[in-house]
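> after the sequence you'll find the predicted model.
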Amino acid sequence: MKKIISFVLASMMMTTMFGQNEKYIKAMESNVAKVDSNNSVEGWKELANSFERIAVAEKNAMGTLLLCRLCECNGWNSLYAPGGGFGDNSAITDPMADKAEQLINKAAEIGKDNSEIYCVKKLVFGLRMMGNPMARFMTEGAKATEALEKAKTMNPNNPRIYILEGQDKFYTPEEFGGSKEEAKKLFEKANEIFMTTKPGSSIEPQWGRGQVAYFLSQLK
């Protein structure tokens, strides 16, 4: 389960106002640099707290990007929380999912037609499903799939989409639709996009390269 989530972070496109504050940009750059290399519970907590401090200090920058970062960090905290399994762990996962959902809804008000938002929505629905997989697969699992399809419709060149799809295929048993071969193709597609595109700024979405490298190393 930890490797499922040591993948993922979803973040938003930078809006014009973000470029107005050099201090904010530097603070965000420092945190963004840590996003794709962190793999510990404490690391995610520190990142979540750091992003929230930036939000308090820079109220005018509480836009799509920062809100999404908060969702990601809080979502990962939930998935890393003890007590995982196939029983009812909703008391652990739901509070984090609730907080992430509130933040992503605010982000959606700012940039509703953004594929990154729907990548994070996929994670939020996934969090709820993992709280009680047997009871919630048909509802929250379906919502997660729908969110990812919406993200793809908005921007088929977003590599995060294929990373999330690839992880689902990698970890799902074959009898339930999983496939290591299909997962490899999806990770290769994400890698190709990373190789041929560059983010427009230092705080635009960049996460996922490390996850692609890890999974491809497991699928040789």
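Great, that's in hand.

> can we go C-alpha only for contacts and neighbour counts from here?
Noted.

> pLDDT below threshold where in this protein?
Across the chain, residues meeting the criterion (pLDDT under 70) sit at 1-20, 39, 59-67, 71, 73-86, 111.

> how about a cut-off of 80?
Residues of the chain meeting the criterion pLDDT under 80: 1-23, 31-45, 48, 52, 54-87, 106-107, 109-113, 199-207.

> what about the helices in it?
Along the chain, counting by DSSP state H, helices occupy 2-5, 22-35, 41-57, 64-80, 90-110, 115-131, 133-136, 142-154, 159-171, 180-196, 209-218.

> those: which one's closest to residue 203?
helix 22-35 (5.9 Å; CA to CA).

> hang on, the earlier thing: export the helices of the chain to a markdown table and append columns for mean neighbour count.
Output for the helices of the chain, formatted as a markdown table (neighbours: other CA atoms under 10 Å):
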| stretch | mean neighbour count |
| --- | --- |
| helix 2-5 | 15 |
| helix 22-35 | 15 |
| helix 41-57 | 16 |
| helix 64-80 | 26 |
| helix 90-110 | 19 |
| helix 115-131 | 27 |
| helix 133-136 | 16 |
| helix 142-154 | 19 |
| helix 159-171 | 24 |
| helix 180-196 | 18 |
| helix 209-218 | 16 |
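
> need those in JSON lines (columns: distance to residue 203).
Output for the helices of the chain, formatted as JSON lines (distance: least, CA to CA, whole Å):
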{"stretch": "helix 2-5", "distance to residue 203": "21"}
{"stretch": "helix 22-35", "distance to residue 203": "6"}
{"stretch": "helix 41-57", "distance to residue 203": "13"}
{"stretch": "helix 64-80", "distance to residue 203": "8"}
{"stretch": "helix 90-110", "distance to residue 203": "16"}
{"stretch": "helix 115-131", "distance to residue 203": "13"}
{"stretch": "helix 133-136", "distance to residue 203": "34"}
{"stretch": "helix 142-154", "distance to residue 203": "20"}
{"stretch": "helix 159-171", "distance to residue 203": "15"}
{"stretch": "helix 180-196", "distance to residue 203": "16"}
{"stretch": "helix 209-218", "distance to residue 203": "15"}
